[in-house]
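Asker: Have a look at this fold, sequence not included:
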């Protein structure tokens, strides 16, 4: 056999295959790198090893390959005995035979040894390693108590209480104290031995134990870090740290009265929630600076304690009504008021000589008329930072505004820019994409900031081609979606790395430029088919392929020696059959995190799996957790697993009660039972509590969270008026007007104005209390009322949020906010024509986006109506598009307009082909003609394609989208088995059981178990392949079948989703979670009507709160039109939310019709991110009441939920 430098690497990688060909291998053996051969995953036969033992790299061989004891015996002079002792599985007779050769320290650590063998070899073994790594019985430890290392024994061995008592003086109590499952009776019995510092930091002790061991515990730590009852504090008054108690514990006022001489009053003033009566009683002890800053004081309290409070702090941290500020005008700090309080223009006008105008200009929202009135008072630097100044106003005060800020914050029209072209800084000016006309760009091309222009989305290729000497090409290739023809034309303007990362390339294009492209980024950023990867396997970066491409199990098996198994285990969906087949390759930590594993698989490979990750990412049944208790990580179990109360009781000393209180659903009985273990602040925040329960534990619950998260009656609030948090009550509870009147001095009027539904009569009665900005924005007001209180309301919110008639708008044309009027009010074309002069004053970007404009009006006002509005919101004829082809936004045209194929052909260089492929209905002939233009991923997803057409363009289509969205026959799937995405095939295609059997190694069994209809016989035959959780949830199972596979099925979903007889349920009631499943099911059915009646007010409050937070944070940095757009979106969201909710409840127990499904799809296809956000909040808040069994059985709802979970 001839050998050269080219064939050596091939032979080294395939040494066994070449050896088995009976060639003269000895003659070439000396040429090979034997270190490399022994370090590959090749399985070397024992015959081969014996024959070439003089060449073998024995260190590598001993560490990487399992060798028989006979081979080790024959080659004992060659092997490395220390490595053998670590990596080989050795029998005890073999170890005995070579007792003078093996490394006993490694034997003691890495081999599994019997106690008989250890006893026989007691003089050879390493007792430290034995104590730490071997499982020893208590009898054995007793016998060799003088030999074992007690530190390791205490750390790793399980010991019974009697055993611990016997050897209490030998034990390492520091190690024992680290055990979170150490029974408290043992702690109490050996209180003088345990390490209290470790004990306290690793667990929460019961109050009984703290009392019994009061002389030993570190009370400074306990006082600061553990929730203590008042009874315990009372009993251990001489031990506790009172400063920490006052700062960290929630104390009742009665308790503080009782122990007033022990309290740290500074900490009490800062950390406790104090009632007015308490403040009055202890006004001489209270630290009033802390009270002024940290307590939430009503105006009644401020009035009562006006002589004690710090007014500067009050004005900074408390919310004051304008009425109160008038009353205490001589006491308040006007600088703080100007900066921190929300002031109306009327109030500022009244106290113009008192306020700080710099803060007024920076922090308050001022109208242009007000600024005009006080032009010599305001700070124009801050005024110029407003994003909502009209161009007319800027022109009027051009000599006063700060132009740098104007250019940074304002969206200016082309006409305005032209007028001031010599005064503006072209590098900082904000120019919006929709405002640029072609003529403007051409005229000012030497002044424009082309890097910013290059960032505008949707630039046409003709535009880029025309201004190729000005655009920033790196930005163009990064931000614009370009056709492959365009890329070919301008290859010299950029680098291949940018192209491969930022552009979507077809496989034909990659083939064409195979020697130029960056293959790492091709593998990382492009979607590649399996056939393409096979063809160019020598070009591939396999770590990127393993991480970023969707691969079938067959493909992974074929390239097992090339793929990166860490990425495979993390990013690919693998079946348990596949993982078992390649268990020597897989990364068990990534498997534990990234794959869904059955209980049987976890049991079988418990020693390989990473249990920390397993407890977080896998669903573990309670039976499994009981069986494998010693492997569990209890913090993660408490946090991430859903536990029954029975299980919690059984393992109460193991669990982390912080996470139990926060993440588990607990009954009131359970909370009572473990009242000294739960965290009451978290109980108050996350558990659903009855008023009777709250009354019983009034001294333990956290009243802030009770006021915020629990549903409270007015009688209950009345009874505990001095405990509840009135700001949260005003925001989150539904209050009647009579109740608000009764507690007018307690409620937070800003929140009342925002979140409660108020009548106009009520608003009139409390006009000096309500927040008029929130009233204008959130209450429904009549035009008569607005007219009467025109000097109180905020006209921008009135213009945006109230429904106004055209007559009313005309009457108050000088008061209304015209951009908001044009944007949000429903106006007739006649009205818009009559007020042309107003439209001309409004920036282009805020022109009517929701008006039903007539064709005549669009043409007449084409200089004022932007192309974005016309194409995005109006249905315009093709003749209009042709006439204004150089002004319209072709990306929007391609998406929003219904275009004929002839029109697309005529304007093929104008249209956006990605949107054409996605939103237009295209014929096969058209796609065939423009196959180089269309976006094949969108074509594969959105167009209906016959199999012959897919076969014709097999190298162009996106096979993942084809597998998911086209209807394919089994014959077609067989034909392209190496191209299709088997996960999507398993999920979306209807497959026969014969087909499933044939391709059992390719299909995704989890999706098969969920989405295919399987027979009982088939499930039984493939019991080791299927996902039993999915089977239990989605397949219809007989009781006989469930009994047969009782150890496999998931009993929670069996009870939730299967039809079971009463006798059957009684027989298997001991199964985990059964009662909880039935309880959840019944709870939902009993609360549907209650949920329906309460959800609207809850939702309204929540979305208003989100909107309020948004406005407070971003008002200064947004254009008024953008701010109004958010509000408009939220209103649209509210409407769609109610539609969805109505559908959800009406279709709850009925078969979902196609029309209903289509309706849901329409709701979910919108881009309203707020809609998903709000619905997500709703689903999370109502988790306890939702019938999750029904949800898991309804694919439409399941898809919806996955969008935000």
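Answerer: Looks like it arrived, so ask away. Quantities reported herein were computed from a predicted structural model and do not represent experimental measurements. Numbers count the residues shown, from 1 in each chain.
Asker: Helix, strand, or coil at the residue lying closest to residue 965 once chain neighbours are set aside?
Answerer: Ranked by Cβ to Cβ, 6 or more residues apart in numbering and with sequence neighbours excluded, the top spatial neighbour of residue 965 is residue 941, at 5.1 Å. In short, each C-beta sits where N, CA and C put it, glycine included. Classification of residue 941 using DSSP: H, G, I helix; E, B strand; the rest coil returns helix.
Asker: quick one: pLDDT of residue 941?
Answerer: As summarised for this prediction, residue 941 has a pLDDT of 90.
Asker: what ranges do the strands span in the stretch 701-850 of the chain?
Answerer: Taking DSSP state E, counting those that start in this stretch, the stretch 701-850 of the chain contains no strands at all.
Asker: any idea how far the residue nearest to residue 965 lies from residue 989?
Answerer: Residue 941 sits 15 Å away from residue 989, going by Cβ to Cβ, to the nearest Å.
Asker: in stretch 327-338, what counts as buried?
Answerer: 327-328, 332-338 (16 or more other Cβ atoms under 10 Å).
Asker: same question, stretch 443-458
Answerer: Residues of stretch 443-458 classed as buried by neighbour count (16+ other Cβ under 10 Å): 444, 448-450, 452-456, 458.
Asker: and if you look at stretch 402-413?
Answerer: Across stretch 402-413, burial judged by 16+ other Cβ under 10 Å covers 402-403, 405-407, 409-413.
Asker: what do you get for stretch 65-78?
Answerer: Applying 16+ other Cβ under 10 Å to stretch 65-78 flags 65, 67, 69, 72, 75 as buried.
Asker: now the residues you listed as JSON lines including pLDDT?
Answerer: Shown next, in JSON lines, are these (pLDDT from 0 to 100):
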{"residue": "65", "pLDDT": "83"}
{"residue": "67", "pLDDT": "87"}
{"residue": "69", "pLDDT": "88"}
{"residue": "72", "pLDDT": "89"}
{"residue": "75", "pLDDT": "89"}
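Asker: mind listing which of the residues you listed are in helices?
Answerer: The helices, defined by DSSP state H, take in 69, 72 from the buried residues of stretch 65-78.
Asker: quick check, nearest of the buried residues of stretch 65-78 to residue 638?
Answerer: residue 65 (42.5 Å; Cβ to Cβ).
Asker: From residue 584, how far off is that closest one?
Answerer: Distance of residue 65 to residue 584, given as Cβ to Cβ: 11 Å.
Asker: And residue 939, by the same measure?
Answerer: Distance of residue 939 to residue 584, given as Cβ to Cβ: 42 Å.
Asker: now residue 361
Answerer: From residue 361 to residue 584 the distance is 71 Å (Cβ to Cβ).
Asker: With residue 593 instead?
Answerer: Distance from residue 593 to residue 584, by Cβ to Cβ: 19 Å.
Asker: same check, this time on residue 167
Answerer: From residue 167 to residue 584 the distance is 42 Å (Cβ to Cβ).
Asker: neighbour count winner among those two?
Answerer: Higher neighbour count among residue 167 and residue 584: residue 167, with 16 against 8, using other Cβ atoms under 10 Å.
Asker: related to what we said a few turns ago, return the subset of the buried residues of stretch 443-458 lying in helices.
Answerer: Those of the buried residues of stretch 443-458 lying in helices (DSSP H): 450, 452-455.
Asker: Now the two most distant members of these.
Answerer: 450 and 455 (9.8 Å).
Asker: Residue 790 reaches residue 816, doesn't it?
Answerer: No - counting by Cβ atoms under 8 Å, residue 790 does not reach residue 816; the two are 10.5 Å apart.
Asker: Looking at those two, which one has more neighbours?
Answerer: Comparing residue 790 with residue 816 by neighbour count (other Cβ under 10 Å), the higher total belongs to residue 816, at 21 against 12.
Asker: Could you name the specific helix or strand carrying residue 682?
Answerer: helix 680-686 (DSSP states H and E).
Asker: tell me what that helix is packed against?
Answerer: If contacts are counted by 3 or more Cβ pairs under 8 Å, 6 or more residues apart in numbering; DSSP states H and E, helix 680-686 sits against helix 657-663, helix 703-709.
Asker: neighbouring contacts of the helix or strand that comes right after the first one?
Answerer: It stands for helix 657-663. Using DSSP H and E, the helix or strand that follows helix 657-663 in sequence is helix 668-673. With Cβ atoms under 8 Å, 6 or more residues apart in numbering as the contact definition, helix 668-673 has outside contacts at 645, 648-649, 678, 683, 687, 689-690, 693.
Asker: Which of the residues you listed sits closest to residue 746?
Answerer: For the contacts of helix 668-673, the nearest to residue 746 is residue 689 (22.2 Å; Cβ to Cβ).
Asker: In contact with the closest residue to that closest one other than its chain neighbours, which residues are there?
Answerer: The shortest distance from residue 689 to any non-neighbouring residue, by Cβ to Cβ, 6+ apart, is to residue 710 (5.6 Å). Each residue near residue 710 by Cβ under 8 Å, 6+ apart is listed here: 684, 688-689, 694.
Asker: Just the buried residues from those residues, in ChimeraX please.
Answerer: Buried subset of those, written as a ChimeraX selection, criterion 16+ other Cβ under 10 Å:
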select :684,689,694
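Asker: Low-confidence bits of the stretch 301-450 of the chain, can you list those?
Answerer: 387, 427-436 (pLDDT under 70).
Asker: hey, where'd the helices end up in it?
Answerer: Applying DSSP state H, counting those that start in this stretch to the stretch 301-450 of the chain gives helices spanning 311-317, 322-327, 334-340, 345-350, 357-363, 368-373, 380-383, 391-396, 403-409, 414-419, 438-443, 450-455.
Asker: Relative to residue 107, which of those is closest?
Answerer: The closest of those to residue 107 is helix 450-455. By Cβ to Cβ, the value is 66.5 Å.
Asker: still on that earlier bit, quick check: of the ones in helices among the buried residues of stretch 443-458, which lies closest to residue 392?
Answerer: Set against residue 392, the nearest of these by Cβ to Cβ is residue 452 (25.8 Å).
Asker: How much space separates that closest one from residue 423?
Answerer: Here the distance between residue 452 and residue 423 works out to 19 Å (Cβ to Cβ).
Asker: Count the residues that sit near residue 971.
Answerer: Residue 971: 9 neighbours (other Cβ under 10 Å).
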